[in-house]
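*Asks:* Need coordinates for the below:
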Amino acid sequence: VFGTLADFDRLIARAHALGLKIITDLVLAHTSDQHAWFRESRQSRDNPRADWYVWAEAKPDGSPPNNWQSVFAGPAWTWDARRGQYYLHNFLPEQPQLNLHNPAVQDALLDAARFWLDRGVDGFRLDAINFALHDPRLRDNPPAPPGGRRTRPFDFQSKIHNQSQPGIADFLARIRALMNGYPDRFSVAEVVGDAAEPEMQAFTADDRHLNSAYGFSYLYADELTPGLVRRANAAWDGAPGQGWPAWAFSNHDAPRAVSRWRRGRDPDRFARMAMALMMSLRGNVFLYQGEELGLPQGEVPFDRLVDPEAIANWPETLGRDGARTPMPWRADAPHAGFSTAEPWLPVDPRHPPLAVDRQEADETSVLNLTRRLIALRQSEPPLRLGALCFLDAPDPILAFERAHDGDILTCVFNLGHAAVAWTPPGAFVLVEAVNAGDPEAPALAPLSGWIARRRSI
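*Replies:* Numbers count the residues shown, from 1 in each chain. Below you'll find the model as predicted:
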């Protein structure tokens, strides 16, 4: 349904001709239940791929092998009558878990990666990679500590046995060794979990593992605060051998940041401030489609939902479909210019006025601000490569310095609802400002910010 390999080759060739690079999602923890490997594996207990997936006997009473819960809803085990066993799926039953403890499975996955590298892809995003291995003893997960919001059975457990297992980093080293045979390739891990930072560091340590990793510090946060930014960056101090982090405020698995974080404030002002902050952080920036337009979370009626998680948990969570609605390219075109056919999700009526064609014609738009901030980040080594040092500032002010080879940029943002009379000591030359941020003003307006270079005395 996505086209042929010839279409894919043309896509890569055209992107490279335009100076663009394409990385693809590489799912290594599971396959579809329609995959030829799984179809063979489920036929018997002694076929060549019998142990390519995670199979286990039922308990004497017929219940699943242990208490593991799937991410989306219910047990992480589904009974298969062909083999008379349960198979593991950390996500949907249609996504059976591969058994990466089997060396043949790891080799097959490396072959798959090699196939796409040979076709010219510029790297991989490794999907939910900390689910790639499981505890072979199939021990029960313990209950999660009290507190926190719980909307799924999955939330009631500490997932210490069905994810985050020893050996994942060694497998990633094999992937990095393969990718080193291809010039200028990039790898980033998606790390899901309550304690993602240690795994992010293990998966990116030294030059033998992945180039970068991003977790969910921001993606599942209910509020943007100075404390959140400090906690997210605390583990990444640039120590020898340490990898390089990556940050995303929005993505296809989390409600859009503007809707999660603005808390009644002007969405346009919030989008601008958040964009300036993200472009100032130490680490790779992942900008989700529509974020450069300031799109709010799309509203999708229940009868149009297609995401299994959104359907199962409706209306307790915003779900993921609202972040996956069509990109608005042309305000007055059918389906906002996204397609000529009916798209799989509806266009939110609030999105066409924010379409690309409208914003390109407006020099003051969020889109053109984003382009300017990206150019600034590329032209300023402190923003791309520099260390990050937080400054003492009263809440809700977030202030830090980015320093590289003696060049220092100061970044100040008011994340709150009211003006705050505070500026760091010294005199500054303004580099960029959002929402009328000004280092010489006696007070910083809400949702404003600035980036400036300290002026020599």
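*Asks:* Would you agree V229 is in contact with L398?
*Replies:* Yes. Contact criterion Cβ atoms under 8 Å: V229 and L398 qualify, at 5.7 Å. Backbone N, C-alpha and C define where each C-beta goes, glycine included.
*Asks:* Find the residues that touch each one of those two.
*Replies:* Common contact partners of V229 and L398 (Cβ atoms under 8 Å, 6 or more residues apart in numbering): L277.
*Asks:* Show me which positions of the lowest-mean-pLDDT helix or strand in the chain end up buried.
*Replies:* Ranking every helix and strand in the chain by mean pLDDT, DSSP states H and E puts helix 308-313 at the bottom, with a mean of 82. Residues of helix 308-313 classed as buried: P308, E309, A310, A312, N313 (neighbour count, 16 or more other Cβ atoms under 10 Å).
*Asks:* In the chain, mark out all the helices, start to finish.
*Replies:* Under the criterion DSSP state H, the chain contains helices at 5-17, 36-41, 103-118, 168-179, 196-204, 226-234, 257-261, 267-278, 308-313, 356-360, 366-379, 381-385.
*Asks:* rank the ones you listed by pLDDT, which is bottom?
*Replies:* Here the lowest mean pLDDT among those goes to helix 308-313, at a mean of 82.
*Asks:* which residues are contacting that one?
*Replies:* 71-73, 92, 151-152, 300, 302, 305, 317-321.
*Asks:* gap between the residue lying closest to E291 once chain neighbours are set aside and A234?
*Replies:* Computed as Cβ to Cβ, 6 or more residues apart in numbering, the closest residue to E291 that is not its neighbour in sequence is S250, at 5.3 Å. Distance, S250 to A234, by Cβ to Cβ, to the nearest Å: 22 Å.
*Asks:* Quick check on these two: which one has the bigger neighbour count.
*Replies:* Per other Cβ atoms under 10 Å, whichever of S250 and A234 has more neighbours is S250, with 26 against 10.
*Asks:* ok, now which ones touch the more buried one?
*Replies:* S250 makes contacts with L219, R256, A257, Y288, E291, A323, as judged by Cβ under 8 Å, 6+ apart.
*Asks:* on that earlier part again, I'd like to know how far the residue nearest to E291 sits from N233.
*Replies:* According to Cβ to Cβ, S250 and N233 sit 18 Å apart.
*Asks:* And for A399?
*Replies:* From A399 to N233 the distance is 13 Å (Cβ to Cβ).
*Asks:* who touches both of the two?
*Replies:* Residues within reach of A399 and of N233 at once, by Cβ under 8 Å, 6+ apart, are F390.
*Asks:* Skip the chain neighbours and tell me the closest residue to P381.
*Replies:* P381's closest residue in space is H404 (Cβ to Cβ, 6+ apart), at 4.6 Å.
*Asks:* so how many other residues sit close to that neighbour?
*Replies:* H404: 15 neighbours (other Cβ under 10 Å).
*Asks:* A387 is in contact with that one, correct?
*Replies:* Yes. Assessed by Cβ under 8 Å, H404 is found in contact with A387 at 7.2 Å.
*Asks:* sorry, back to before: narrow the contacts of helix 308-313 to those that are buried.
*Replies:* Going by neighbour count (16+ other Cβ under 10 Å), those have V71, F72, A73, L92, R152, V300, L305, L318, G319, R320, D321 buried.
*Asks:* these two touch, right, the third one and R152?
*Replies:* Yes. Between A73 and R152 there is a contact under Cβ under 8 Å: 6.1 Å.
*Asks:* how about the CA coordinates for stretch 446-455, as PDB?
*Replies:* Provided in PDB are the C-alpha atoms of stretch 446-455 (Å, rounded to 0.1, in the frame of the first residue of the first chain):
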ATOM      1  CA  PRO A 446       5.000  35.400  29.900                       C
ATOM      2  CA  LEU A 447       5.900  32.900  27.100                       C
ATOM      3  CA  SER A 448       8.700  35.200  25.900                       C
ATOM      4  CA  GLY A 449      12.300  34.500  25.600                       C
ATOM      5  CA  TRP A 450      15.600  35.500  24.200                       C
ATOM      6  CA  ILE A 451      19.100  34.300  23.100                       C
ATOM      7  CA  ALA A 452      22.000  36.700  23.500                       C
ATOM      8  CA  ARG A 453      25.700  36.900  23.600                       C
ATOM      9  CA  ARG A 454      27.300  38.500  26.600                       C
ATOM     10  CA  ARG A 455      28.700  41.900  25.700                       C
END
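*Asks:* how far does that stretch sit from the chain's center?
*Replies:* With Cα atoms, centre = their mean, to the nearest Å as the basis, stretch 446-455 stands 27 Å off its chain's centre.
*Asks:* contacting residues around that stretch?
*Replies:* Taking Cβ under 8 Å, 6+ apart as the rule, stretch 446-455 contacts 265-266, 269-270, 272-273, 276-277, 280, 376, 383, 407-419, 426-439.
*Asks:* wait, what's in contact with N368?
*Replies:* Q359, E360, D362.
*Asks:* meant to ask about W37, not that
*Replies:* T31, R49, W52, Y53, A108.
*Asks:* Identify the farthest-apart pair in those residues.
*Replies:* Within these, Y53 and A108 form the most distant pair, 12.1 Å apart (Cβ to Cβ).
*Asks:* So which of the two has more stuff around it?
*Replies:* Legend: neighbour count by other Cβ under 10 Å for Y53 and A108, higher for Y53 (26 against 14).
*Asks:* where in the stretch 51-200 of the chain is pLDDT low?
*Replies:* Judged by pLDDT under 70, the stretch 51-200 of the chain has no weakly predicted residues.
*Asks:* Apply 80 and report the result again.
*Replies:* Counting by pLDDT under 80, the stretch 51-200 of the chain has low-confidence residues at 73, 148-149, 193-195.
*Asks:* mind listing the strands for it?
*Replies:* 55-56, 77-80, 85-88, 123-126, 186-190 (DSSP state E, counting those that start in this stretch).
*Asks:* Just the buried positions in stretch 359-369, please.
*Replies:* Buried residues in stretch 359-369 (16+ other Cβ under 10 Å): Q359, S365, V366, L367, L369.
*Asks:* Stretch 229-245 too?
*Replies:* So, applying 16+ other Cβ under 10 Å, buried residues of stretch 229-245: V229, A232, N233, A235, W236, G243, W244, P245.
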